[in-house]
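J.: Show me the folded form of this:
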Amino acid sequence: MTTNPDIYKLLIIDDHPIVAEGIAAIASRQKNITCKSITCLKDLLSVIASEQFDMCITDLEFPDTNGFQFIHILQDKLPSCKILIYTMHEEPWVIARLSELNISGAVSKHTDTSELSTAITSFRMGNKYFSEVFATLNKRKSTTEGHKIPELSKREKEVLSHLAEGLSTSQIAALLCLSSNTIQTYRKRLMEKLNAKNVAELVSKGKEIF
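T.: Next up, the predicted model:
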């Protein structure tokens, strides 16, 4: 089965089916978009084992786990998937915790649903989107990212380490049980984070982190 590259695939994670259906209904008003909804961590692991997504909209509160765990899994298994947090939690500790994550946007459930549609459109255009209450997340990232050593995920460090060993993309993919496309995505992300023009420069700059 051939995947249509023009179709934008959206994954919705919310333990309330009626909320997930509402998000899907809003998203489906846009052209060339498909939606899949899941409600728990078990479903997430099953779905991402066989499917790729362009965007994920997730809540932060679940009965069996928390949204932060979902975020870490998504970033590890689907590094090219953009993540939008859709939550009613606006507490300072939540904003502080989110500031530590590499997310592309956050929308409050207290805002009009039209803002969620705006966020989806923004993502599809390659941009980020944050509700006013979460705007400091974007500002904080933009003002500090040029003045600190980039933070790498465990998987990014693994890929960088294997690149330093001289392994090829296909060799790293086989070693980590991931697809070559996923490893290429990690390489691209690493080059962006470390501002490297090629693998040699990437490895050289990576030595400053370890």
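J.: This structure: strands as residue ranges?
T.: Under the criterion DSSP state E, the chain contains strands at 8-13, 33-38, 55-58, 82-87, 105-108, 129-130.
J.: elements contacting the fourth one?
T.: I take that to be strand 82-87. Packing partners of strand 82-87 (3 or more C-beta pairs under 8 Å, 6 or more residues apart in numbering; DSSP states H and E): strand 55-58, helix 67-77, strand 105-108, helix 113-124. For every residue, glycine as well, the C-beta is placed using N, CA and C.
J.: Could you rerun that using 10 Å?
T.: If contacts are counted by 3 or more C-beta pairs under 10 Å, 6 or more residues apart in numbering; DSSP states H and E, strand 82-87 sits against strand 8-13, helix 17-27, strand 55-58, helix 67-77, helix 92-98, strand 105-108, helix 113-124, strand 129-130.
J.: out of the strands of the chain, nearest to Ile71?
T.: strand 82-87 (6.0 Å; C-beta to C-beta).
J.: got the angle for that closest one vs helix 17-27?
T.: Going by axes from the mean of the first three to the mean of the last three C-alpha atoms, to 10 degrees, strand 82-87 is angled at 130 degrees with respect to helix 17-27.
J.: quick revisit: can you put the helices and strands packed on strand 82-87 in a markdown table and add mean pLDDT, mean neighbour count and distance to Leu163?
T.: Output for these, formatted as a markdown table (pLDDT from 0 to 100; neighbours: other C-beta atoms under 10 Å; distance: least, C-beta to C-beta, whole Å):
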| stretch | mean pLDDT | mean neighbour count | distance to Leu163 |
| --- | --- | --- | --- |
| strand 8-13 | 96 | 23 | 29 |
| helix 17-27 | 95 | 15 | 37 |
| strand 55-58 | 96 | 24 | 27 |
| helix 67-77 | 87 | 18 | 18 |
| helix 92-98 | 84 | 14 | 30 |
| strand 105-108 | 94 | 22 | 30 |
| helix 113-124 | 94 | 18 | 29 |
| strand 129-130 | 93 | 22 | 32 |
